[in-house]
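Participant: would you be able to build a 3D model of this:
(one chain, ligands or ions: 2)
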Amino acid sequence: MSDDLKRGLEGVLVAESELSYIDGDAGKLVYRGYPIEDLAREASYEEVVYLLWHDELPDAAELADFESWMAERRTLDDEVLSVVRKLAEADEVPMAALRTIVSTLSAYDEDADHEDVTDLDANLRKACRITAKLPTALAAFQRIRQGDDPVEPRADLDHAENFLYMLNDEVPDDVLAETFDMALVLHADHGLNASTFSAMVTASTLSDLHSAVTAAVGTLAGSLHGGANANVMRMLEEVDESDVGPTEWVENALAEGRRVPGFGHRVYNVKDPRAKILGEKSKSLAEAAGDTKWYDYSVAIEEYITEEKGLAPNVDFYSASTYYQMGIPVDIYTPIFAMSRVAGWIAHVLEQYDDNRLIRPRARYVGPKDLTFPDLDER
Ligand SMILES: CC(=O)SCCNC(=O)CCNC(=O)[C@H](O)C(C)(C)COP(=O)(O)OP(=O)(O)OC[C@H]1O[C@@H](n2cnc3c(N)ncnc32)[C@H](O)[C@@H]1OP(=O)(O)O
Ligand SMILES: O=C([O-])CC(=O)C(=O)O
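Facilitator: Ligands and ions are numbered 1, 2, ... in the order given. Predicted coordinates:
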């Protein structure tokens, strides 16, 4: 047994996976063999979900069946909707609300008490229900907390279009729908990131799929992981409200020892390929709107941080200005990440169940070992 300590499990190989390949030096990302650039341009989110959960891309008939199976399962049970309403009225933090919602979905899922937690067919049915219902719950949560009625899902719209429709009570135009679909594709999987690993750890105890996804939502919420996308936008807003430009602002932030959200990555040593795609999208939205302020701030910050710290933007950096320009409220950026990443979490859990072994690392004990237990009045 090696006694080398790998803080944060950096570089430790713990599984074999056929899902996503990342080359951190080349800035390359591939889902099941297909480059992310091609998927972003050509594939819908539903196609990517199918690809991740099955071994290959669907043909036309398989895709049509899969899309309609999911679309028919978007509606929330009344009891789930009433939990969403309570969470919104209690002003719950969106990621905490989402975590509770995933857990609640289990109570109304007809396969939730399947005797074999690893049963593939039952898990694929659960997977579809969770993935189909999360956008409905998130849109309803957002609408209720802003004082509006939830909007019923429509089965004739695709996953991305339908979410924006339920959020805004308006069918999105093609640019918005395509941009959002592309963002969902880009966030769907990313190897053993922290939230995926947390789903795998949960599944490895032979706990169920809803528990694994609930654990993953909680893990994604943190500011070192998915929570960074909202923090990027908050930073851009801070820059805008300050009386200095973006370069000076970020120089001061670094001097104060702050971490700049949206930069740095455990695996990429170069610019995240997803940030390149989202940066181009942010730019084209800005130019189309005739207001490039948020994009310009982002570019200035990127140039400074890359030059001064040698850190490159990760996926969260340009998703922020992209979503902002689409009119999406800042504090649901991370829940939107979860709405997409649920596909990857589930795919990795299915791989884990398929070849399970309990995940259980160890810590080097550095505390005392032979103390004498003192009576209460002696402490
Ligand atoms: C979807 C995603 O999860 S992508 C990541 C989203 N998270 C963020 O954007 C938050 C900001 N980034 C970070 O905090 C980090 O880069 C992480 C958490 C993503 C990666 O962390 P790690 O691989 O553990 O690197 P670690 O935290 O050890 O940082 C290494 C060094 O770079 C510095 N560093 C890393 N990222 C940043 C940053 N964004 N701003 C300032 N300094 C940074 C650290 O301070 C550290 O410097 P030091 O050695 O002088 O102390
Ligand atoms: O891989 C990681 O550590 C973080 C990340 O980029 C992701 O989850 O998309």
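Participant: what does the protein put close to ligand 2?
Facilitator: Taking CB under 6 Å from any ligand atom as the test, the list of the chain residues beside ligand 2 reads 190-191, 193, 266-267, 314-315. The way it works is simple: take the backbone N, C-alpha and C, and place the C-beta from them, glycine included.
Participant: is ligand 1 within reach of stretch 283-299?
Facilitator: No: Stretch 283-299 lies apart from ligand 1 when judged by CB under 6 Å from any ligand atom; the minimum separation is 13.2 Å.
Participant: pull out the buried positions in that stretch.
Facilitator: 283, 285-286, 292, 294-295, 297-299 (16 or more other CB atoms under 10 Å).
Participant: closest to ligand 2 among those?
Facilitator: Lowest distance from ligand 2 to the buried residues of stretch 283-299 (CB to the nearest ligand atom) belongs to residue 298, with 17.5 Å.
Participant: quick one, longest helix in the chain?
Facilitator: Longest helix in the chain by number of residues, with DSSP state H as the criterion: helix 120-145.
Participant: what's the first helix or strand after that one?
Facilitator: Where DSSP states H and E defines the elements, the next helix or strand beyond helix 120-145 is helix 159-168.
Participant: quick one: the helix or strand following that next one to helix 120-145, angle?
Facilitator: Going down the chain from helix 159-168, the next helix or strand is helix 174-187, by DSSP H and E. Between helix 174-187 and helix 120-145, the angle comes out at 130 degrees (axes from the mean of the first three to the mean of the last three CA atoms, to 10 degrees).
Participant: coming back round to it: could you list which of the residues of the chain next to ligand 2 also contact ligand 1?
Facilitator: 193, 266, 314-315.
Participant: circling back: and which of the residues of the chain next to ligand 2 is nearest residue 63?
Facilitator: Distance to residue 63 across the residues of the chain next to ligand 2 (CB to CB) is lowest for residue 190, with 23.2 Å.
Participant: what bridges to that closest one?
Facilitator: residue 192 (DSSP bridges).
Participant: quick one, what contacts residue 237?
Facilitator: residue 330 (CB atoms under 8 Å, 6 or more residues apart in numbering).
Participant: make it 10 Å
Facilitator: Residues near residue 237 by CB atoms under 10 Å, 6 or more residues apart in numbering: 294, 297, 320, 324, 330.
Participant: all good on my end, thank you.
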